[in-house]
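Trainee: sharing a model prediction with you, sequence too.
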Amino acid sequence: MIKKVISALIAGATLLAPASGDLPADDWQRVGDDITSGVSGIVVDGRHGDTVDALAVRDNKEPGQQRLVAVRYSRHAKPQVRAVEWQGEPPVDLEAIDAVPGRDGEYVALASDGTAYRIRRERGTVLREDGALHRKRDTVRVIHEFRLPGISPDGNYEGFALARTARGTVVAVWADRGGDERPAKLTAATWNRSTDAFGQPDSVEFSVPYPAEHVRHVSDVELSARGGLTVSSASDPGDDGPYDSALYAAGRLVVRDDGEAELRLSATPDRLATFAGHKIEALACLPGSRTGILGTDDENDGGSVTTATFCRP
């Protein structure tokens with residue numbers, strides 16, 4: 001059953017102060033310069049001091065265009081961006097990615113039509129038995145392709161996140177982005193990592209007061225282990241912008257006593273930050289930190305990344 005959530009207007013835009021040692025949230029670093037090199041989804045792959053390793057998806061549709069890139073980001077240097085090859089038939093319009101909890105090197109990437117790809121990454125450098133380093137291509141291969149439950153043929157899915165609760169239950173949340181004439185729809189369900197089967201889905205409509213025009217109410221979603229939901233929202237008037245984005249604390253996901261997931265969204269989502277001039281389509285939190293990484297798909301102006309303090313328990 002769809003439960004209506006009415007968003008109240010929130011006065012003013014609050015930009016969060018960065019965590020100590022982190023790049024200010026309005027200081028973006030480019031990872032691409034054209035319409036094929038934006039960031040439509042991102043997952044943190046590791047952190048070493050001020051350096052963050054991430055895996056990002058690009059929403060390209062044509063053969064020969066990149067679907068995945070590895071990004072090494074540091075506040076002290078220009079980002080390093082390296083292509084990751086997709087083995088087999090490439091997907092069309094990837095919009096989100098997250099790591100499979102407890103499965104090193106495994107991820108689920110989501111296309112805009114609701115098709116999910118469970119993938120395994122094979123790193124570009126391996127240690128041979130003789131102790132020598134052998135370089136090979138950095139690739140991913142598809143383990144399983146499946147459809148999310150309850151997908152609408154009219155939907156446009158831009159957000160996906162996974163988390164493992166303190167009790168060990170793995171939960172998923174995904175979002176149809178919505179638009180000026182309709183709210184977004186967030187859906188949550190438990191997820192079996194062994195079979196890729198979902199529990200009973202729970203869906204909630206969700207809208208934001210800002211941006212107000214050309215709006216995607218949800219352009220990505222992040223889910224904490226304690227169920228905190230953070231969403232990005234964006235204005236997209238076309239390939240040349242201008243763009244605006246905001247981050248919201250949207251509510252919580254809980255696992256009920258019957259073992260099913262339930263969304264408890266706020267009627268007045270708390271606006272955490274606003275970002276003029278960028279279309280945020282990707283967010284991910286560093287493990288055990290309030291700091292997260294943001295990625296943009298600014299269409300003809302390429303893509304950028306930054307860090308900011310927006311992550312919630």
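Mentor: Nice, I can see it.

Trainee: which regions of the chain lie under the pLDDT threshold?
Mentor: 1-26, 124-136 (pLDDT under 70).

Trainee: quick one, strands of the stretch 101-250 of the chain?
Mentor: 106-111, 115-122, 125-127, 133-135, 139-147, 157-164, 170-176, 184-190, 202-206, 215-223, 228-235, 244-255 (DSSP state E, counting those that start in this stretch).

Trainee: now those in TSV, with distance to Arg264?
Mentor: Bear in mind the C-beta positions are built from the backbone N, C-alpha and C, glycine included. Conversion of the strands of the stretch 101-250 of the chain to TSV gives the following (distance: least, Cβ to Cβ, whole Å):
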stretch	distance to Arg264
strand 106-111	23
strand 115-122	24
strand 125-127	44
strand 133-135	48
strand 139-147	26
strand 157-164	15
strand 170-176	12
strand 184-190	10
strand 202-206	8
strand 215-223	13
strand 228-235	9
strand 244-255	5
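
Trainee: in JSON lines, list those along with distance to Asp297 and mean neighbour count.
Mentor: As requested, the strands of the stretch 101-250 of the chain are arranged in JSON lines below (distance: least, Cβ to Cβ, whole Å; neighbours: other Cβ atoms under 10 Å):
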{"stretch": "strand 106-111", "distance to Asp297": "15", "mean neighbour count": "23"}
{"stretch": "strand 115-122", "distance to Asp297": "19", "mean neighbour count": "19"}
{"stretch": "strand 125-127", "distance to Asp297": "29", "mean neighbour count": "10"}
{"stretch": "strand 133-135", "distance to Asp297": "30", "mean neighbour count": "9"}
{"stretch": "strand 139-147", "distance to Asp297": "20", "mean neighbour count": "15"}
{"stretch": "strand 157-164", "distance to Asp297": "10", "mean neighbour count": "24"}
{"stretch": "strand 170-176", "distance to Asp297": "16", "mean neighbour count": "26"}
{"stretch": "strand 184-190", "distance to Asp297": "17", "mean neighbour count": "24"}
{"stretch": "strand 202-206", "distance to Asp297": "21", "mean neighbour count": "22"}
{"stretch": "strand 215-223", "distance to Asp297": "9", "mean neighbour count": "27"}
{"stretch": "strand 228-235", "distance to Asp297": "9", "mean neighbour count": "26"}
{"stretch": "strand 244-255", "distance to Asp297": "10", "mean neighbour count": "23"}
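
Trainee: for Gly88, find the nearest of those.
Mentor: Minimum separation from Gly88 across the strands of the stretch 101-250 of the chain (Cβ to Cβ) falls at strand 139-147, 6.1 Å.

Trainee: who does that closest one pair up with?
Mentor: Strand 139-147 has the following sheet partners, assigned by DSSP bridges: strand 77-86 (parallel), strand 115-122 (antiparallel).

Trainee: how far off strand 106-111 does the longest one point, in degrees?
Mentor: What that stands for is strand 77-86. Orientation check (axes from the mean of the first three to the mean of the last three Cα atoms, to 10 degrees): strand 77-86 against strand 106-111 gives 90 degrees.

Trainee: what sits against Tyr117?
Mentor: Pro91, Val108, Ala109, Leu110, Ala111, Val142, His144, Glu145 (Cβ atoms under 8 Å, 6 or more residues apart in numbering).

Trainee: hmm, try it at 10 Å
Mentor: Contact partners of Tyr117, counting by Cβ atoms under 10 Å, 6 or more residues apart in numbering, are 57, 67, 86, 91, 94, 97, 107-111, 140-146.

Trainee: with Leu186 instead?
Mentor: Applying Cβ under 10 Å, 6+ apart to Leu186 gives the contacts 5, 159, 173-176, 178, 202-206, 217-218, 221, 229, 231, 250-251, 253, 263, 265.

Trainee: could you do Arg47 as well?
Mentor: Residues in contact with Arg47 (Cβ under 10 Å, 6+ apart) are Asp53, Ala54, Tyr73, Leu286, Pro287, Gly288, Ser289, Thr291, Ile293.

Trainee: any idea how far it lies from Gly292?
Mentor: Distance, Arg47 to Gly292, by Cβ to Cβ, to the nearest Å: 11 Å.

Trainee: and what of Asp196?
Mentor: For Asp196 relative to Gly292 (Cβ to Cβ), the value is 27 Å.

Trainee: the two: who's more crowded?
Mentor: Gly292 (25 against 15; other Cβ atoms under 10 Å).
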